[in-house]
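Visitor: My questions concern the predicted model and sequence given below.
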Amino acid sequence: MKTLIIAVTLVITVFASACSSSTTDPVPSNGKTGTPSPDPTTTPPADTTTPPDTKPATPKAPTVDSVAKMQGALHVMWTNPTPACDTVEGERQATMSDGSVMEKYKLVFTVPGEADNKHDTSATSAMTYSYRLRCKVGTVYSPYSNVLTGNPK
Amino acid sequence: MRIVGPVVRVLVLLTLAAGCGTSSSPAAEEADPLALVPVHDENPDPNVVEVSLEARAAMKTYGTSAPTPVWTYEGSVPGPLIDAKVGDRVIIKFKNSLPEPTTIHWHGIRLPATMDGTMAMQSPIPPGGTFRYEYVFKDAGLYWYHPHMRTDIQVQKGLHGAIRVRGPSEPVVDQERVLMLDDVRLKADGTLAEYLDDTAKMMGREGNTLLVNGTTDATIPMRSGASIRLRLVNVANGRFFNLRLPGHTWRVIGTDGGLLAKPYDTEKLLIAPGERYDVMLIANGAPATVVDLMDDAYDRGHDSGNRPSMTVAHVRFTEDAPFADRKLPDAFPGVAALPAASKSVPIVLNEGQRNGELVFTVNDAVYPDVPPVMVETGGLRLLDVKNDSEMDHPFHLHGFFFQIVEKNGVAQSLESSGNKDTVIVPAKSSMKLVSRFDEPGHWMYHCHILEHAEGGMMGEVHVDP
């Protein structure tokens, strides 16, 4: 039993030593490499009551590349610079031939983040449609994309 | 080294194993990454090819991507190459070790309907199940095998292999290769993209990575001046390959159903999914140089002709002394013309929307609601195929060859088109095809853009005994 305790103590010591060795070559607390670490003997302990900044980064907006007439409907294609998008949401505004807005922007499709196109079968030739997109990661949205317009006629 | 008909099978296999006729080159010592794995023939009878074939999951690394989970025949993508000669009996002892049902369809081969691997004549082979496929090779040519259940998914995952059946009129060549052209859509983590977006539904899934015999960034060694025979099959779900090799002209010596009576030359070779082309060329490059085999844009509808050319493979001319006396063949025995058919079958291909979803139709119906074509055994029919849609469709008929009679009302030369089982019917065009239905059973026909077939562009021919 005594031998076991000694062995465990040794193992703990070795591990502790290995862990402490990282303090001699620390990863800077701000995550930036190359920044000198503070001297623990002169620097007060960090304020542990301050929560870390966990706010997720805002994803970049997709770019709408084309809104093409196809099979009597409209085919929207885009480029997504944020590969980690959970979903891409497409909003559409419908405009009459006289320029009056028939329907303001509203969500018309949601597709997986890996998608780069959507065939909008609900578009009709009586309207002109404008599309804008947003990437969504968790609950965080990207800014809106550019807007492109098309008519299925 | 020149190889001639009677010994061609053995020599070609040895050639492939040794690096394709360039054994004096140091580079030829390297393993040939494009060599297809030959099947293990378990039967000593020289007229029987008997193999065990297991479909199972495995991992495969495409180029520099992370390893990809794939489905394989015998652990490889593509599956093993089945090599045989006309008249051989083939026995495939198949085992399904996949997590879902499957079958094997023997694309292009004339065989009994119960062996054709479709739901029209065969029950799905469940996980852990087995099935014995057995038939006789009637025709020389290049064929391929693949599942006919959830075909778009299972082929995309890697289930496909080539079948080469040799006949009595094989050309004399310095080098021959079977090249299976494919593409996969890889995600950053190495997995295959499974989400089918609307472009993929409409055009068929196109990948972001081109493959030749399952290899990315492939290199094909050729000896300068050598006569080269390439036997090409497009196994991609949706991509049309439009091949160009700078400095070379393709001599097309055969298509789906064997050699052509009158070979012809073309600068670009268009191959739709499911089609095969048998081409020759004289390697026209200085030793120790490289030229890229390109896939040029081809407009098959919906603005698909705007993409840039892509490199399919690199052709590397070896350092060996060039050959100077090689010639390309001008003629082969060809095939006999079918008689004219007095009965016509209208087949109208189209696409549309039903309840907001894209659908693909035959005669305005979505399979399985397409009424079958009824034919008596031995009956001749003129298939009047009209494509009313805005994109090309490769029309494929199971179990029988057809011959192209007319394209948009213009008579076509049998001598330069031969027997076919898959043909591109361009957007807004029509073709008349004649076929003799001499084997009873229920047979499929469909668009070979696999997402279109799964989306409804499929029908059946019922040949009554």
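Guide: Yep, that arrived. Residues are numbered from 1 along each chain as shown, chains lettered A, B, ... in the order given.

Visitor: quick one, what contacts B:Gln68?
Guide: Not quite, residue B:68 is Thr, not Gln. If a contact means C-beta atoms under 8 Å, 6 or more residues apart in numbering or on different chains, then B:Thr68 has B:59-62, B:184, B:186, B:190-192 as its contacts. C-betas here are computed from N, CA, C, even on glycine.

Visitor: taking those residues one by one, which sit in strands?
Guide: Within the contacts of B:Thr68, residues falling in strands by DSSP state E are B:59-60, B:184.

Visitor: Of these, which is the most crowded?
Guide: Of all the ones in strands among the contacts of B:Thr68, the most densely surrounded is B:Val184 (26 neighbours; neighbours counted as other C-beta atoms under 10 Å in any protein chain shown).

Visitor: tell me which residues form a beta bridge with it?
Guide: Going by DSSP bridges, B:Val184 is paired in beta bridges with B:Thr209.

Visitor: just checking, it touches B:Glu194?
Guide: No - using C-beta atoms under 8 Å, B:Val184 makes no contact with B:Glu194, being 11.5 Å away.

Visitor: and of the contacts of B:Thr68, the nearest to chain A?
Guide: If you rank the contacts of B:Thr68 by distance to chain A using C-beta to the nearest C-beta, B:Thr191 comes first, at 10.6 Å.

Visitor: and that closest one, what does it touch?
Guide: Residues near B:Thr191 by C-beta under 8 Å, 6+ apart: B:68-69.

Visitor: Read off the pLDDT value for it.
Guide: The predicted structure scores B:Thr191 at 96 on the pLDDT scale.

Visitor: Could you list the single helix or strand in chain B with the lowest mean pLDDT?
Guide: Of all regular secondary-structure elements in chain B, judged by mean pLDDT, DSSP states H and E, the least confident is helix B:8-18 with a mean of 36.

Visitor: can you check chain A too?
Guide: Across the helices and strands of chain A, mean confidence by mean pLDDT, DSSP H and E is lowest for helix A:2-24: a mean of 38.

Visitor: ok, and what's touching the very next helix or strand once past that helix?
Guide: Sequence order places strand A:63-70 as the next helix or strand after helix A:2-24, per DSSP states H and E. Outside strand A:63-70, the residues that touch it by C-beta under 8 Å, 6+ apart are A:74-81, A:119, A:129, A:131-133, A:145-153, B:202, B:302-303, B:390.

Visitor: Buried by neighbour count, from the residues you listed: which ones?
Guide: A:74-78, A:80, A:119, A:129, A:131-133, A:145, A:148, A:150-152, B:202, B:302, B:390 (16 or more other C-beta atoms under 10 Å in any protein chain shown).

Visitor: Any stretches of chain A with poor pLDDT?
Guide: A:1-55 (pLDDT under 70).

Visitor: Looking at it, which residue is nearest chain B?
Guide: A:His119 (3.7 Å).

Visitor: quick one: contacts for that residue?
Guide: Counting by C-beta under 8 Å, 6+ apart, A:His119 has contacts A:70-71, A:73-76, B:198-199, B:201-202, B:358.

Visitor: switch to 10 Å and redo it
Guide: Going by C-beta atoms under 10 Å, 6 or more residues apart in numbering or on different chains, A:His119 touches A:68, A:70-71, A:73-77, A:109, B:197-199, B:201-202, B:353, B:356-358.

Visitor: taking those residues one by one, which sit in strands?
Guide: In strands, judged by DSSP E, the following of those are found: A:68, A:70, A:73-77, A:109, B:353, B:357-358.

Visitor: Export those residues to TSV and append columns for distance to B:Val373.
Guide: Formatted as TSV, the entries for the ones in strands among the contacts of A:His119 read as follows, by distance: C-beta to C-beta, whole Å:
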residue	distance to B:Val373
A:Ala68	36
A:Met70	31
A:Ala73	31
A:Leu74	36
A:His75	33
A:Val76	39
A:Met77	38
A:Phe109	39
B:Gln353	26
B:Glu357	26
B:Leu358	25
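
Visitor: Check what contacts the helix or strand containing B:Tyr264 and list those residues.
Guide: Using DSSP H and E, B:Tyr264 sits in strand B:258-266. Among residues not part of strand B:258-266, those counted as contacts by C-beta under 10 Å, 6+ apart are B:86, B:139-142, B:165, B:167, B:169-171, B:243-244, B:249-254, B:276-281, B:328-335, B:401, B:413-419.

Visitor: swap the cut-off to 7 Å and go again
Guide: Contacts to strand B:258-266, defined as C-beta atoms under 7 Å, 6 or more residues apart in numbering or on different chains, come from residues B:139-141, B:167, B:169, B:249-254, B:278, B:329-335, B:415-416, B:418-419.

Visitor: Tell me the neighbouring strands of that strand, and mark each as parallel or antiparallel.
Guide: The sheet places strand B:258-266 alongside strand B:250-255 (antiparallel), with pairing taken from DSSP bridges.
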